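Structure of the sequence below:
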Amino acid sequence: MNRGGFTFIELLIVSAIILVLLSFSTPLFRRSFSDLELKDTASNITKFIIFAQEKAIIDRSIYKISFDFDKKTYQLFRATGEGQNITYTTSAKDRFGNVIRLPKDIDYEGRAKEIFFYPDGHSDMVELRLANTNKKVLIISTTGILGNVVIREEKE
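Residues are numbered from 1 along each chain as shown. I've put the predicted structure just below:
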């Protein structure tokens, strides 16, 4: 009597082949995920910068984004007062006043810890450098007078 099916040896061989393929693909997946996370973080910071520029123009007020490179956070503040009495407050009413944290595998740094945005549409010229665990680096630059924000990859 001839029965259809697989022998135990055949199943073990197929299982071994699948395990070998998985062992090769897992590091590639982790690297790809880390690079996607870096691009997403750079995109989110860029959109946040554009939002701050637009808020400064619409509200006719000075805004700033403060970066804490040690804690890997950033936050939006609005200027209140005039002359020497300017203070910066957050807006607890919306999510843009909250402290935003970067993913744990991404480090960032910059020369300036703040970017100021003015009612006439210009901002400070600042460069932020974001890096992931794969040593891939993206640089976010604000152009100042034109208010543009550019993301570029640092070449090794």
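
Could you list the buried residues of the helix-or-strand element of the chain with minimal mean pLDDT?
Least confident helix or strand of the chain, by mean pLDDT, DSSP states H and E, is strand 87-89 with a mean of 72. Judged by neighbour count (16 or more other CB atoms under 10 Å), strand 87-89 contains these buried residues: Y88. From N, CA and C alone the C-beta is placed, and that goes for glycine too.

So which elements touch the longest strand anywhere in the chain?
When the chain is parsed with DSSP state E, its longest strand is strand 73-80. For strand 73-80, the packing partners by 3 or more CB pairs under 8 Å, 6 or more residues apart in numbering; DSSP states H and E come out as helix 8-59, strand 63-68, strand 87-89, strand 100-101.

Recalculate using a threshold of 6 Å.
Counting contacts by 3 or more CB pairs under 6 Å, 6 or more residues apart in numbering; DSSP states H and E, strand 73-80 packs against strand 63-68, strand 87-89.

Now do the first one against strand 73-80, angle only.
When you say that, I think you mean strand 63-68. 150 degrees (axes from the mean of the first three to the mean of the last three CA atoms, to 10 degrees).

quick one: strands adjacent to strand 63-68?
Paired neighbours of strand 63-68 in the sheet (DSSP bridges): strand 73-80 (antiparallel), strand 114-117 (antiparallel).

now swap in the shortest one and tell me
Strand 87-89 has these partner strands in its sheet, going by DSSP bridges: strand 73-80 (antiparallel).

just how off-centre is the partner strand within its chain?
With CA atoms, centre = their mean, to the nearest Å as the basis, strand 73-80 stands 17 Å off its chain's centre.

Next: stretch 113-126.
Here the centre of stretch 113-126 is set off from its chain's centre by 19 Å, with CA atoms, centre = their mean.

Quick check: buried residues in it?
115-118, 122-123, 126.

that older thread, would you list the helices and strands packed on strand 73-80 in a markdown table and tack on distance to E37?
Formatted as a markdown table, the helices and strands packed on strand 73-80 follow (distance: least, CB to CB, whole Å):
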| stretch | distance to E37 |
| --- | --- |
| strand 63-68 | 19 |
| strand 87-89 | 30 |
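
Distance check, the residue nearest the centre of the chain against K71.
Residue closest to the average C-alpha location in the chain (CA atoms, centre = their mean): T41, at 1.8 Å. For T41, the distance to K71 (CB to CB, to the nearest Å) stands at 15 Å.
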